[in-house]
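Novice: The amino acid sequence is not available; the structure is as follows:
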C-alpha cells in the first residue's frame, strides 16, 4: 500500500536524520517538534506545498481519482497525517508512562481516574452538549 509505505518512510527519515540525537533527552523531542511543524505546514496550512511536493502524481482525472491523483493522495493522507507522528510520541513516552503506572498503583491512580471521570462528565454536560 503506497500510504503505509509513505508513513513508514516518513518515520524512518525522521529517525535517520541526526540519529545520534535519538537517545538524548531533548534531541529526539526537538526532532519530533520540528516534524510536527512540518506536518502542520504541509497538510493543515493550504499554501500549496503539498501540491508542489506531490505534483509528480498528476492532476488529470483517472479512474478512481476523478479530481486527479494529487487531490486523492492529499485526501487519503490527510485522514491519517497525525497518526504516525502521535505514534512516535507515544512510543517515546511509553517507558516513562509505564514507570509512572508502576509507582502510582493503588489510591493515587484511582483518585486520578475518578477526577478524570468527573471532569469528562462536566465537559460533556456543559460544553459538548451545547449547540
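Specialist: Cool, the structure landed. Because the structure is predicted, anything quoted here is derived from the model rather than measured.
Novice: got a list of what residue 2 touches?
Specialist: residue 73 (Cβ atoms under 8 Å, 6 or more residues apart in numbering). Quick note: C-beta positions are derived from backbone N, CA and C, even for glycine.
Novice: Give me the pLDDT value at it.
Specialist: What the model reports as pLDDT for residue 2 is 74.
Novice: The residue positioned nearest the centre of the chain and residue 7: what is the separation?
Specialist: Closest residue to the average C-alpha location of the chain: residue 82 at 2.5 Å, with Cα atoms, centre = their mean. From residue 82 over to residue 7 the distance is 11 Å, taken as Cβ to Cβ, to the nearest Å.
Novice: One more: residue 18?
Specialist: Relative to residue 7, residue 18 is positioned 20 Å away (criterion: Cβ to Cβ).
Novice: ok, those two, which is more surrounded?
Specialist: Neighbours were counted for residue 18 and for residue 7 using other Cβ atoms under 10 Å; residue 7 has more, 18 against 13.
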